[in-house]
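In: Next input, structure requested:
(2 chains)
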Protein chains: 2
Amino acid sequence: MSPEFDLIAKYFTRPVRHAVLGVGDDCALVRISPGCELAITTDTLVSGTHFFPETGAEKLGHKALAVNLSDLAAMGALPRYVTLALTLPAIDEAWLAAFSRGFFALADKFQVELIGGDTTRGPLSITLTAFGEITIGHAIRRDGAKEGDDIWVSESLGAAALALKHLRGDITLSTAAFERAVMHLEAPNPRIALGRALVGVATSAVDISDGLVADLTHICRRSGLAASVEWPKVPLATSLLSASVEQQRACTLAGGDDYELCFTAPAISRELLHELSSASGLALARIGSMQSGEPLVRVYDDDGEAINIQSSGFDHFAIDH
Amino acid sequence: MSPEFDLIAKYFTRPVRHAVLGVGDDCALVRISPGCELAITTDTLVSGTHFFPETGAEKLGHKALAVNLSDLAAMGALPRYVTLALTLPAIDEAWLAAFSRGFFALADKFQVELIGGDTTRGPLSITLTAFGEITIGHAIRRDGAKEGDDIWVSESLGAAALALKHLRGDITLSTAAFERAVMHLEAPNPRIALGRALVGVATSAVDISDGLVADLTHICRRSGLAASVEWPKVPLATSLLSASVEQQRACTLAGGDDYELCFTAPAISRELLHELSSASGLALARIGSMQSGEPLVRVYDDDGEAINIQSSGFDHFAIDH
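Out: Got it, this is the predicted structure:
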């Protein structure tokens, strides 16, 4: 029996509880709940492009799943299944054990089942496809924002980008500040509960993976509206509080890797959203509004002046990230 | 707008007809037919491991989809959707145009919709996840073979492995023989129609990607039975007819990349399968039977002697393939 089969059996085959058939056949088989549709997303993490080659395997296992679950969260879907395609330069049992530990810790937290996979030899790269269920017609899409809707973001932005700048040697953080910031880069929390709570409330949503401006632009383009953001209301990560305004703006507006949700909702939902925030302990900040006009994001400073946004976000082909 | 978005929009976004929502949101949304379950498979092709770096992009586009559809065929599923995660060293418009041409030509043939994707920078690698529908309980699994069942394979085996041996310089074929053989390596035909026709007939099935012995062993292990194969009945590709017996056996038994179906069926279905073969023009060869015993494949020569099978098939970690 070839090592490929051994690897899958040893590290990635666990009994399935929801799926009809999991790892070990030509395909997995899943049945979805009556009245539901399936939300499907796929994301690749490549060594040297999306993570430093020396990143710990356990953290990678967490992050690879987290970035896919974050896309399900942004649709308001309930995570159910995932497939994993793992390309490795060589068999490294310690690496696989740590990777699967990080992966399944997060999978278990959200009761997500690994139903299929492929391991192959090549430069380190991880592609996941994740599946979530959502009641027919209830998905929170990018194209539903209405003129006058408020724009909200969850928790705070910029910590992951700040940690990345430190790791790349662009800036130097104190040990304490770096350790606080790097948690956001390496172990993002997909906002599943928030996404579920926003079904029927938010008119559109996106997860912030490429930077607030780039991701909010997706909502603008799909909804045919402009977005106006007030810089003073953008919630900064604590580790950014002592940084320069330029760093703060670079990290929050164009930083990326936040995996917070950005969503729109009518003004009538403000009270409800404040209650949701209190009840869940997850901060929600109202940062602007959707307006008619060209599908662009404009960010205004304390004096109401438009800020010049140079970068439109994290570009996989332009930045070694 | 970053090049990533442009690439997806330019080469991979087409209107969806079956999916609720295709490329362009956080997730795709699909609804499945009432009474159906979803068969899901994922496969990665890595440059230098699964294909030669100089392989033409159009052929790669075909093959990446074909190997995934082949897994759906082996379950008897009807292909519906696919996601594509493409990792590229650099933006190469000519490459992308050719890749998408090969990909969509095959996708259109089977009315498969591309519903999501991710393009990123890194060493050339392609991961697809494909989805097919199958009536609840009708999937042809690997664990359903019964003692006494016949073992069948479609069309012929070994041409892809022969072409690979030539490309790696292990053997030298005539130009005509190579051209005939390499079609099987570069442009395999997923046996979708056969898989659909086998629903309710075959008791188990697998697609031959790692070699007849290795893949039939999956059926043995999952069904808890031994397989007895008669070498004289194994259908050889025409390009193998003039090869040595050793080459013939290496290419068919342990070659791989055939993407033909190997399946089991009770003897009572022989007439039906011969009719199916005549009606479809696709050869079906009865090569052996399932027996009680250790879950192993044994292959017997003309004299009834067991052939020593050295390799258990194509191993992604052992062979540069």
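
In: Just the buried positions in the helix or strand hosting A:Thr87, please.
Out: Assigned by DSSP states H and E, A:Thr87 falls within strand A:78-88. Under the neighbour-count criterion of 16 or more other CB atoms under 10 Å in any protein chain shown, strand A:78-88 has A:78-88 buried. C-beta here means a position set from N, CA and C on the backbone, and glycine is covered the same way.

In: could you give the angle of whichever helix or strand comes after that strand to strand A:78-88?
Out: Per DSSP H and E, the first helix or strand lying C-terminal to strand A:78-88 is helix A:93-109. When axes from the mean of the first three to the mean of the last three CA atoms, to 10 degrees is applied, the directions of helix A:93-109 and strand A:78-88 differ by 170 degrees.

In: hmm, who's touching helix A:93-109?
Out: For helix A:93-109, the external contacting residues (CB atoms under 8 Å, 6 or more residues apart in numbering or on different chains) are A:7, A:10-12, A:14, A:56-66, A:69, A:82, A:84, A:86, A:88, A:112-114.

In: out of these, who's near chain B?
Out: A:Leu84 (CB under 8 Å from any CB of the partner chain).

In: Which one of the residues in the stretch 101-250 of chain A is closest to chain B?
Out: A:Gly122 (3.4 Å; CB to the nearest CB).

In: for A:Leu173, what are its contacts?
Out: With CB under 8 Å, 6+ apart, A:Leu173 has these contacts: A:162-163, A:166, A:181, A:239.

In: Let me know the secondary structure of it.
Out: coil (DSSP: H, G, I helix; E, B strand; the rest coil).

In: about what we covered before: from the chain's centroid, how far away is the strand holding A:Thr87?
Out: 15 Å (CA atoms, centre = their mean, to the nearest Å).

In: Please apply the same query to stretch A:140-150.
Out: Using CA atoms, centre = their mean, the offset of stretch A:140-150 from its chain centre is 19 Å.

In: does any part of that stretch sit near chain B?
Out: Yes - with CB under 8 Å from any CB as the criterion, chain B is reached by stretch A:140-150 at A:141-143.

In: tell me which residues in that stretch are buried?
Out: A:140-145, A:149-150.

In: what does stretch A:274-288 give?
Out: A:276-277, A:282, A:284-288.

In: who touches that stretch?
Out: For stretch A:274-288, using CB under 8 Å, 6+ apart, the contacting residues are A:150-156, A:191, A:193-194, A:197, A:201, A:227-230, A:233-235, A:270, A:273.

In: Need the buried ones from the residues you listed selected in PyMOL.
Out: Remark: buried members of the contacts of stretch A:274-288, expressed as a PyMOL selection using 16+ other CB under 10 Å:
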select buried, chain A and resi 150+151+152+153+154+155+156+191+194+197+201+227+228+229+230+234+235+273
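
In: still on that earlier bit, strands paired with the strand holding A:Thr87, and their directions?
Out: strand A:113-121 (parallel), strand A:125-135 (antiparallel) (DSSP bridges).

In: what sits up against the shortest one?
Out: Which is strand A:113-121. Contacts for strand A:113-121 (CB under 8 Å, 6+ apart): A:4, A:7-8, A:12, A:14, A:16-19, A:21-23, A:27-28, A:30, A:80-90, A:103-104, A:107, B:40-44, B:46, B:49-50, B:127, B:316-317.

In: Got a ChimeraX select line for the buried ones in those?
Out: Of the contacts of strand A:113-121, the buried ones can be selected in ChimeraX as follows, counting by 16+ other CB under 10 Å:
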select /A:4,7,8,12,16,18,19,21,22,23,27,28,30,80,81,82,83,84,85,86,87,88,103,104,107 /B:40,41,42,43,44,46,49,50,127,316,317
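
In: beta partners for the nearest residue to A:Thr13 once chain neighbours are set aside?
Out: Nearest non-adjacent residue to A:Thr13, counting by CB to CB, 6 or more residues apart in numbering or on different chains: A:Val23, 4.6 Å away. According to DSSP bridges, the residues that bridge with A:Val23 are A:Asp25.

In: so A:Val23 touches A:Phe12, yeah?
Out: Yes - counting by CB atoms under 8 Å, A:Phe12 is a contact partner of A:Val23 at 6.3 Å.

In: the helices in the stretch 201-321 of chain A, which residues?
Out: Here the stretch 201-321 of chain A has its helices, by DSSP state H, counting those that start in this stretch, at A:212-223, A:245-253, A:270-280.

In: what's the shortest one packed up against?
Out: Spelled out, it's helix A:245-253. helix A:159-167, helix A:212-223 (3 or more CB pairs under 8 Å, 6 or more residues apart in numbering or on different chains; DSSP states H and E).

In: Output those as a markdown table; include the columns distance to B:Ala254.
Out: Output for the helices and strands packed on helix A:245-253, formatted as a markdown table (distance: least, CB to CB, whole Å):
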| stretch | distance to B:Ala254 |
| --- | --- |
| helix A:159-167 | 46 |
| helix A:212-223 | 49 |
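
In: could these go into a markdown table alongside mean neighbour count and mean pLDDT?
Out: Listed next are the helices and strands packed on helix A:245-253 as a markdown table, based on neighbours: other CB atoms under 10 Å in any protein chain shown; pLDDT from 0 to 100:
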| stretch | mean neighbour count | mean pLDDT |
| --- | --- | --- |
| helix A:159-167 | 24 | 93 |
| helix A:212-223 | 24 | 96 |
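
In: Could you say which one of the ones you listed comes nearest to B:Ala214?
Out: helix A:159-167 (42.9 Å; CB to CB).

In: Just the CA coordinates for stretch A:280-294, please, in PDB.
Out: Output of stretch A:280-294 as PDB, limited to C-alpha atoms (Å, rounded to 0.1, in the frame of the first residue of the first chain):
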ATOM      1  CA  SER A 280     -22.300  37.900  22.100                       C
ATOM      2  CA  GLY A 281     -19.400  40.000  23.500                       C
ATOM      3  CA  LEU A 282     -18.300  40.600  19.900                       C
ATOM      4  CA  ALA A 283     -17.800  44.300  19.200                       C
ATOM      5  CA  LEU A 284     -19.700  45.700  16.100                       C
ATOM      6  CA  ALA A 285     -18.800  49.100  14.800                       C
ATOM      7  CA  ARG A 286     -20.900  51.200  12.500                       C
ATOM      8  CA  ILE A 287     -18.300  52.800  10.200                       C
ATOM      9  CA  GLY A 288     -20.300  54.400   7.300                       C
ATOM     10  CA  SER A 289     -23.100  54.100   4.800                       C
ATOM     11  CA  MET A 290     -24.000  53.000   1.300                       C
ATOM     12  CA  GLN A 291     -24.800  55.700  -1.200                       C
ATOM     13  CA  SER A 292     -25.800  56.000  -4.800                       C
ATOM     14  CA  GLY A 293     -22.900  56.600  -7.100                       C
ATOM     15  CA  GLU A 294     -19.900  54.900  -8.700                       C
END
